[in-house]
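>>> For reference, the sequence and a predicted model appear below.
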Amino acid sequence: MIHAHLLEQSTAFGGNALLLTGPARVGKAGLAWAIAAAQNCTGLRGMYGEACGQCPSCRALAAGAHPDLLLVEPRATTTTGKAARRKLIPVGAVLQGRDKAREYETHVYEFLEVRPTFRRRVVMVSGTEYLGPEAANALLKLIEEPPHHALFLFMAEDVRAVLPTIVSRSARLSVTPVSDQELARALMQSGQNADEELVAFAAGRAGVLADAEKVRAALADARLLQEALATGLLTTLETAEALEKRWDATWHPEALRFVWRTSVPHQRAQADTALDDLQQALEAYASPSLSFQVFGLRLREAFGEA
């Protein structure tokens, strides 16, 4: 598996908290799930300490219903159902009594009150840099003396953005990009096509492979829009409008930048600005159809097709 050496290091860890740091989509989440699986595996583990994949715990994990794992993430939507403009893990994620809007189905304190079904309760915190001070303070006692020997797995892109009280109580594992050869091998081992474009787009980030099909679709859409720019104004507007219906805020922006990466610098700069303005318009709940049409027009201008 990718980052097997880090998983092997984690098997010897006997503390209460691990902080996994590294760039976005570098594979922190995949490693965290592998560590959590290994901590609860009751079967014969692999040479790097990886879970067996066959025991009751591993089967529960594969089914997405493991009783001993809790994932805590920043709230993605507001109480009205719209996308949250500011990422935050509030104290309500930790304490049920402080979750007035009931944004979290399960809360850390209540989760850890229950004894593990298998071997160890694991709390995974994705986006640790978005922990509010109240939430972090509420976690400190649990980290220092976790009930039933629970394990905290913190994930963050930049350790400097994590509250010092969390950093000082955690052992740290740095997750770094891997080689293109390792990514291609991992794709083939999972039965997928190790196409050069996907591997180049991933740029060593193992986490991209988890959404390989979405990435391929976003790259295809980006190429289609780039080709439409040279075809004509009407084609550009039609393609931009079609893109609005398939827009994936996670992958399409990066796919677009990847496709126009070979353009001259001033063209890329104008296109990047147009893309930034599109994303801001969507976050401000502007008319999506009009926003994408304007985006298409600005791209034609950026690439000299106006």
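Here it is on my side, so go on.
>>> quick one, domains of the chain?
4-176, 212-302 (automatic domain parsing).
>>> Mind putting the ones you listed into JSON lines with mean pLDDT?
Output for the domains of the chain, formatted as JSON lines (pLDDT from 0 to 100):
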{"stretch": "domain 4-176", "mean pLDDT": "90"}
{"stretch": "domain 212-302", "mean pLDDT": "95"}
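>>> Dump the ones you listed to CSV, plus mean neighbour count and distance to residue 196.
All C-beta atoms are positioned from the backbone trio N, CA, C, and that covers glycine. Formatted as CSV, those follow (neighbours: other CB atoms under 10 Å; distance: least, CB to CB, whole Å):
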stretch, mean neighbour count, distance to residue 196
domain 4-176, 17, 19
domain 212-302, 17, 12
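>>> got a markdown table for these, with distance to residue 203 too?
As requested, the domains of the chain are exported to a markdown table (distance: least, CB to CB, whole Å):
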| stretch | distance to residue 203 |
| --- | --- |
| domain 4-176 | 9 |
| domain 212-302 | 9 |
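>>> and residue 188, which of the ones you listed is closest to it?
domain 212-302 (11.8 Å; CB to CB).
>>> roughly how far apart are residue 221 and residue 244?
Distance of residue 221 to residue 244, computed by CB to CB, to the nearest Å: 11 Å.
>>> How far does stretch 173-182 sit from its chain's centre?
A distance of 16 Å separates the centroid of the chain from that of stretch 173-182, by CA atoms, centre = their mean, to the nearest Å.
>>> what helix or strand does residue 33 sit in?
Assigned by DSSP states H and E, residue 33 falls within helix 28-40.
>>> Show me what that helix is packed up against.
Here helix 28-40 touches helix 4-11, strand 17-21, helix 56-62, strand 122-126, strand 151-156, going by 3 or more CB pairs under 8 Å, 6 or more residues apart in numbering; DSSP states H and E.
>>> need these in CSV with distance to residue 42, can you?
Output for the helices and strands packed on helix 28-40, formatted as CSV (distance: least, CB to CB, whole Å):
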stretch, distance to residue 42
helix 4-11, 15
strand 17-21, 21
helix 56-62, 6
strand 122-126, 15
strand 151-156, 16
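>>> Out of the ones you listed, the one nearest residue 167 is which?
Counting by CB to CB, residue 167 lies closest to strand 17-21 out of the helices and strands packed on helix 28-40; the figure is 6.5 Å.
>>> coming back round to it: okay, angle between the helix holding residue 33 and helix 4-11 too, please.
Angle, helix 28-40 to helix 4-11, by axes from the mean of the first three to the mean of the last three CA atoms, to 10 degrees: 40 degrees.
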